[in-house]
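Novice: structure of the sequence below:
(2 chains)
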Amino acid sequence: MRVPLWKRAILPSYVFLVLAVTLVPIIVMIVYSLNDAPHGRLSFSWQGFTTEWYRELFAIPDLTSALVTSLEIAALSTVIAVAIGTPAAIALARHRFRGRAVGDLVILADIAAPSVVVGASLLGLFVYLGVSRGFGTILIAHVAFNVAFVVIVLQSRLQDLDPSLSEAARDLGSSPLNAFWLVTVPVIFPAILSAALLAAALSIDDFIITSFVNGQTLTFPLWVYGSVKVGIPPQVFAMGTVIFLAGVAIAVAGVVNARRSATAS
Amino acid sequence: MSTKLRTAVVPYLLSLPAAVWLGAFFVLPLLTILGVSLMTGNSIDGFTLTWNFSIFGDAISTYATQFGRSFLYGGISTAVALVAMYPVAYWIAFHGGRFKSVLLFLLLLPFFVSFVIRILAWQFILADDGIVLGALKSIGLIPDQTHVLSTPFAVVAGLTYDALPFMLLPLYVALQRIDQSHVEAAADLYATAADRFRSVILPLSAPGIYAGIVLVAITNIGDYLSASILGGPSTTMIGNIIQTQYVNNANYPIASALALILMVTLMLAMAVYARVFGTRTLQEHIG
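Specialist: Numbers count the residues shown, from 1 in each chain, chains lettered A, B, ... in the order given. Just a heads-up that it's a prediction; the model follows:
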């Protein structure tokens, strides 16, 4: 059968056009991170090639400390979200109990709710209780949205998992806790890892919710946003590029690793 | 304690920490803003609960324009993203061959760039003397005073760009799941390519369309970063108002009322949408 023209040529060309549009802002970020900026503020025009901003990546103390804050929040919120989200995902996937439907609904609502509403309502609570805003309130907020994503990712993986595995461990005399640590955890570990990576990525990226509960503390996205009015230092795009490349490297390593273990088994 | 009782308690113990966290920092805040919205006062003298229900009417009438604009921008960007990404998801799922995962990965690359920087890059692209307009102006193709930034077009473009990967993913997952033998069966029954698309592929991909629309529309209607970086005074969205009233003006009641109205409107829209389209496609699935 002859493949029609639109399938053979038009559709693939269109896919590559969309791909080009997708990549344009990323290329802009990388190109401008290599653009000379005589006054330390990026201009729209090309001033000449330089790698100065990578050598001077941490030359702006406020920007560096904002990045450190972002990384700390990401690490802590991920650990807490995984620690409390994993047992909840097991309960929702493996057990029938009163309140399970409500649990599912709250998790979905947490993911679907617009960020402005989540941020504004959290700020409302903190103002109402007189809690001063800063690192702690950012962390609370990030865990609150990360938990839902951790639960969703793990829940779908646990549903695919054969429950007879841990039942077999129980039949062989293992305690429920031992069966959990020795059977369930190793099997869902890849899922825990991808849930953790998703949570860390969402945390580092979050702008809207954080902008409500940050007080005086600045994260990387908030610092960048604040610098728009006064002019963006080129380090912003250099850091953006480094974060981008690190994320891509982690993702590629994850895929390669998954492929290797798939072919090994 | 009997084993039966112990097994009954297990799921509650497992979900307790997450339930407490989400109860305290997601559900409770939503209830709190209902209370806060009914208060009157100011940040210096404090706020008292006066059951001021008229605030909802005031909020709607004062900010009707921004509400309308948010739904308009959010709606257009969602529709454009859906129409733009459906053929892409279709081609990758059905004809991607061995380039499937590579193509998908490349199209999802924006996920690895910080949200603020993605929008900022568009500011550089669309600026008056930026990459596109600057070049067009220097060769005299467009007048010097042409500008794109701070127009609705710039804001919608930013929102649409941001939506592309979020739209692609659910569409691809749904299309990928379609059993090719259904499409072949339709072809065997002399269905034309258009018929096969309309009566087999499109209905079977409906869950992905629904997920993509819900995901993108909610995010974009509530967004304020795109309007704030790419827009101007005439493109203010409801998110910008909520943010300014809450964080800069400390006008908590009006900001809470606006947030609640937004949340309730979106939930109603989702429910209506599920009713109108969701159940019908469901019936088509069964029937």
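Novice: so how far is chain B from A:Val117?
Specialist: 5 Å (C-beta to the nearest C-beta, to the nearest Å). Any C-beta I mention is one placed from the backbone N, CA and C, and that applies to glycine too.
Novice: ok, now which ones touch that residue?
Specialist: B:Leu30, B:Gly222, B:Ala259, B:Leu260, B:Leu262, B:Met263 (C-beta atoms under 8 Å, 6 or more residues apart in numbering or on different chains).
Novice: ok, these vs chain A, which is closest?
Specialist: B:Gly222 (2.9 Å; C-beta to the nearest C-beta).
Novice: ok, back up a step: of the contacts of A:Val117, buried ones?
Specialist: B:Leu30, B:Gly222, B:Ala259, B:Leu260, B:Leu262, B:Met263 (16 or more other C-beta atoms under 10 Å in any protein chain shown).
Novice: could you dump those residues to JSON lines with secondary structure and pLDDT?
Specialist: Shown next, in JSON lines, are the buried ones among the contacts of A:Val117 (DSSP: H, G, I helix; E, B strand; the rest coil; pLDDT from 0 to 100):
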{"residue": "B:Leu30", "secondary structure": "helix", "pLDDT": "92"}
{"residue": "B:Gly222", "secondary structure": "coil", "pLDDT": "93"}
{"residue": "B:Ala259", "secondary structure": "helix", "pLDDT": "94"}
{"residue": "B:Leu260", "secondary structure": "helix", "pLDDT": "93"}
{"residue": "B:Leu262", "secondary structure": "helix", "pLDDT": "95"}
{"residue": "B:Met263", "secondary structure": "helix", "pLDDT": "92"}
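Novice: just give me the closest of those to A:Leu5.
Specialist: B:Gly222 (41.9 Å; C-beta to C-beta).
Novice: my guess is the closest one contacts A:Gly119, does it?
Specialist: No: between B:Gly222 and A:Gly119 there is no contact under C-beta atoms under 8 Å: 9.6 Å.
Novice: could you name every residue contacting both of those two?
Specialist: In contact with both B:Gly222 and A:Gly119: A:Ile208, using C-beta under 8 Å, 6+ apart.
Novice: I'd assumed A:Phe220 was in contact with A:Thr210.
Specialist: No: A:Thr210 is beyond contact range of A:Phe220, at 9.9 Å (criterion: C-beta under 8 Å).
Novice: could you dump the contacts of A:Val117 into TSV with distance to chain A added?
Specialist: Output for those, formatted as TSV (distance: C-beta to the nearest C-beta, whole Å):
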residue	distance to chain A
B:Leu30	5
B:Gly222	3
B:Ala259	4
B:Leu260	8
B:Leu262	6
B:Met263	5
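Novice: need the max-distance pair from those.
Specialist: Most distant of the contacts of A:Val117, by C-beta to C-beta, are B:Leu30 and B:Gly222, 14.2 Å apart.
Novice: for chain B, name the helix or strand with the lowest mean pLDDT.
Specialist: helix B:279-286 (a mean of 43; mean pLDDT, DSSP states H and E).
Novice: how close does A:Gly231 sit to A:Phe44?
Specialist: 11 Å (C-beta to C-beta, to the nearest Å).
Novice: of the two, which one has the most company?
Specialist: A:Phe44 (16 against 12; other C-beta atoms under 10 Å in any protein chain shown).
Novice: surely that one meets B:Ile125?
Specialist: No: if you go by C-beta under 8 Å, A:Phe44 and B:Ile125 don't touch, sitting 9.4 Å apart.
Novice: tell me the residues that contact both of these two, please.
Specialist: B:Ile131.
Novice: between A:Thr210 and A:Phe220, who's got more neighbours?
Specialist: More neighbours surround A:Phe220 than the other of A:Thr210 and A:Phe220, with 29 against 25 (other C-beta under 10 Å).
Novice: contacting residues for the more buried one?
Specialist: A:Leu63, A:Ala66, A:Leu67, A:Thr69, A:Ser70, A:Ile204, A:Met239, B:Ser114.
Novice: longest helix of the chain?
Specialist: You didn't pick a chain, so chain A it is. Determined from DSSP state H, the single longest helix within chain A is helix A:61-94.
Novice: chain B was what I was after
Specialist: helix B:64-95.
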